[in-house]
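> could you work out the structure for the sequence below:
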Amino acid sequence: MGAHLIFGAGLTASENDEAVRRTFLGQAHIAGTGPAGKTCRECRFWHKWKWGEEGERVACAPGYRNGHIKPAWCTRPILNKARRLVPAKAAACRLFEPSENVPPATKDLQALAQTPDPDSQTWVA
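Sure, this is the predicted structure:
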């Protein structure tokens, strides 16, 4: 088993290794090859799905845990791409397309707890 793989002196480190190490399984392409300073959170393909009222899938923000945004899927249609959650902080890839609705990276839990719910007279905890 594995006898067909030849590992030799030709397998050395290169300048591309760091970008591959920063890439998360589930990203559409190699991290850092997209626009400088952009992250997956700002891409139109980074989101989760929810079911709409008529049974259709609707893209939505992934939500928050302890004030930080949760990971979401890269939904760029690529054959045989792994379906794994990608963190919001992942560097953008070359297939990046800017989103019109970028969710904030964090939520201020203290300010949220002190803000009244607009639909009722109760306070959000």
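
> please enumerate the helices of the protein.
17-22, 109-113 (DSSP state H).

> weakest of these by average pLDDT?
Lowest mean pLDDT of these: helix 109-113, a mean of 59.

> quick one: low-confidence parts of this protein?
The model of the chain has pLDDT under 70 over residues 1-9, 11, 109-125.

> can you show me the strands along it?
In the chain, the segments counted as strands under DSSP state E are 46-51, 57-60, 64-65, 68-69, 72-74, 85-86.

> could I get these as a markdown table with distance to Ala31?
The C-beta positions use only the backbone N, C-alpha and C, and glycine is treated the same way. As requested, the strands of the chain are arranged in a markdown table below (distance: least, C-beta to C-beta, whole Å):
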| stretch | distance to Ala31 |
| --- | --- |
| strand 46-51 | 13 |
| strand 57-60 | 22 |
| strand 64-65 | 23 |
| strand 68-69 | 18 |
| strand 72-74 | 11 |
| strand 85-86 | 9 |
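
> for Glu15, find the nearest of those strands.
Closest to Glu15 of these, according to C-beta to C-beta: strand 85-86, at 23.8 Å.

> what's in contact with the closest one?
Under the contact criterion C-beta atoms under 8 Å, 6 or more residues apart in numbering, strand 85-86 has outside partners Phe24, Gly26, Gln27, Cys40, Trp46, Lys70, Pro71, Ala72, Trp73, Cys74.
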